[in-house]
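Enquirer: Quick one: sequence and predicted model below, then my questions.
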Amino acid sequence: MAPKYKNDLAKCYALLKLDYNWKTTCEDLATFVKALSDITTQLISALKSRESIQPISANVSPDNLMKSIEAFLTAYECPYSALTDPPLNERFNTPEKRMLLLRFLCTELMAHRRLAKMPQSTVSHASQASHQATTEANAELAAYLNLACSALGLPAPAVGFSLANTFSAIGKAASEAIKRCPPMHMGQSVLPLTGLSDRQWSQVARIAALLQQEYASRQATLVKRSDVTVQSFKWSDKAKTQLQAIAAVYQPFRSALAKSAFPGIPELLAVRDNMILRIEKTSGVHGRRYTSCPLNKILIGQV
């Protein structure tokens with residue numbers, strides 16, 4: 001039977017074989033510093049290729065402790081804003097905040113130890129896959145930034161652009177554009193963008209997954225109906241001589257239609273409460289602009 005632990009930090013200590021009491025390391029400052037020093041020293045030893053990162057000293061003075069933690073997390077490129085953004089004197093002043101930091105460092109150490117036990121070929125393959133995924137994500141990000149800059153009338157980001165400066169320029173231009181809009185033109189966000197708990201984020205992800213499933217089902221139906229419609233025009237002898245021409249015209253549209261998909265969480269967070277008022281019916285003027293043809297105007301006589 002698997003042992004039961006008080007919380008995740010206690011489980012991390014047990015798995016890492018660290019002789020610490022989770023409660024003491026969170027409540028007692030001296031023990032907290034000692035645990036930090038021990039874990040960061042082992043973590044840097046596991047990194048091997050990050051000489052620029054220095055562990056937190058067990059003898060650091062209380063006045064310099066927060067600066068030492070901040071320097072370590074900055075050099076380690078910690079991705080969690082809860083550990084890097086709050087005011088320095090309030091960042092780790094409670095047991096809960098200290099537990100969050102210790103749990104993060106412990107899970108990082110566990111991950112590096114597990115990687116060290118894997119065959120080098122597996123690690124290299126995973127690294128290449130990660131690099132490829134990062135490259136694809138960067139290309140997608142650049143495409144979205146170009147669209148945002150184009151919509152706001154800003155010049156497209158140059159090669160080697162500063163991401164921080166680009167986001168700052170986009171944010172400033174977007175704020176100016178919103179000020180020129182009529183009152184309540186943008187509406188209110190349906191989902192809050194801040195303050196969501198882990199459970200609420202899970203619910204957001206579940207809603208996005210359900211929407212993706214529904215969108216994919218409707219998309220497949222639309223593609224199938226398009227195929228059947230085009231196929232129905234190929235029965236005549238004249239059409240049979242133009243099959244290649246029909247395919248040349250139809251296939252590009254079909255390919256574009258099949259590739260489109262509901263993106264997911266970002267678009268879900270962007271939904272506003274007044275968007276439903278701007279969605280035009282398929283029988284509207286703009287919708288019929290692409291579906292109306294002379295055949296629609298021919299009335300079927302009495303049978």
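Expert: Structure received.
Enquirer: Please look at residue 142 and residue 157 and confirm they touch.
Expert: Yes. Assessed by Cβ atoms under 8 Å, residue 142 is found in contact with residue 157 at 7.0 Å. Bear in mind the C-beta positions are built from the backbone N, C-alpha and C, glycine included.
Enquirer: from what I can see residue 29 touches residue 61, true?
Expert: No. Applying Cβ under 8 Å as the test, residue 29 and residue 61 come out as separate, 11.3 Å apart.
Enquirer: Show me which residues of the helix or strand harbouring residue 205 are buried.
Expert: Residue 205 belongs to helix 198-232 when assigned by DSSP states H and E. Neighbour-count burial for helix 198-232, with 16 or more other Cβ atoms under 10 Å as criterion, is recorded at 204, 208, 211, 212, 219, 230.
Enquirer: Which elements pack onto it?
Expert: If you count contacts as 3 or more Cβ pairs under 8 Å, 6 or more residues apart in numbering; DSSP states H and E, helix 198-232 packs onto helix 243-259, helix 265-269.
Enquirer: which one of the ones you listed lies closest to residue 100?
Expert: Comparison of the helices and strands packed on helix 198-232 against residue 100 by Cβ to Cβ identifies helix 265-269 as nearest, at 23.3 Å.
Enquirer: How far away from the center of its chain is that closest one?
Expert: Computed by Cα atoms, centre = their mean, to the nearest Å, the chain-centroid distance of helix 265-269 equals 9 Å.
Enquirer: returning to that earlier point: now distance to residue 8 and pLDDT too, for the buried residues of helix 198-232, in TSV please.
Expert: Shown next, in TSV, are the buried residues of helix 198-232 (distance: Cβ to Cβ, whole Å; pLDDT from 0 to 100):
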residue	distance to residue 8	pLDDT
204	22	90
208	26	89
211	31	88
212	30	87
219	40	88
230	56	89
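Enquirer: and which of those is nearest residue 41?
Expert: Looking across the buried residues of helix 198-232 and measuring by Cβ to Cβ, the closest to residue 41 is residue 204, at 38.2 Å.
Enquirer: Spit out the contact partners of the closest one.
Expert: Residues in contact with residue 204 (Cβ atoms under 8 Å, 6 or more residues apart in numbering) are 191, 196, 265, 268, 269.
Enquirer: re the thing from before, out of the buried residues of helix 198-232, which is nearest to residue 81?
Expert: Closest to residue 81, out of all of the buried residues of helix 198-232 and judged by Cβ to Cβ, is residue 204, at 17.7 Å.
Enquirer: what's the spacing between the closest one and residue 60?
Expert: For residue 204, the distance to residue 60 equals 40 Å [Cβ to Cβ, to the nearest Å].
Enquirer: Likewise for residue 47?
Expert: Applying Cβ to Cβ to residue 47 and residue 60 gives a distance of 20 Å.
Enquirer: same check, this time on residue 259
Expert: 55 Å.
Enquirer: Would you mind telling me which of those two has more residues around it?
Expert: Legend: neighbour count by other Cβ atoms under 10 Å for residue 259 and residue 60, higher for residue 60 (16 against 8).
Enquirer: Mind checking what secondary structure the more buried one has?
Expert: Three-state assignment for residue 60 (DSSP: H, G, I helix; E, B strand; the rest coil): coil.
Enquirer: Quick one: neighbours of the closest residue to it other than its chain neighbours, just the number.
Expert: If the residues on either side of it in the chain are set aside, residue 60 comes closest to residue 68, at 5.1 Å by Cβ to Cβ, 6 or more residues apart in numbering. When neighbours are counted by other Cβ under 10 Å, residue 68 registers 19.
Enquirer: can I assume residue 68 is in contact with residue 59?
Expert: No. Using Cβ under 8 Å, residue 68 makes no contact with residue 59, being 10.6 Å away.
Enquirer: Out of the contacts of residue 204, name the two that are farthest from one another.
Expert: Pairwise distances among these were taken by Cβ to Cβ; the largest, 12.0 Å, belongs to 196 and 268.
Enquirer: quick one, which of those two is more surrounded?
Expert: Neighbour comparison, residue 196 and residue 268: the larger count goes to residue 268, with 17 against 14 (by other Cβ under 10 Å).
Enquirer: quick one: low-confidence parts of this protein?
Expert: Counting by pLDDT under 70, the chain shows low-confidence ranges at 1-5, 48-52, 120-137, 260-262, 276-278, 282, 287, 290-291, 294-303.
Enquirer: Let me see the domain layout of it.
Expert: As assigned by automatic domain parsing, the chain contains the domains 8-117, 128-179, 198-278.
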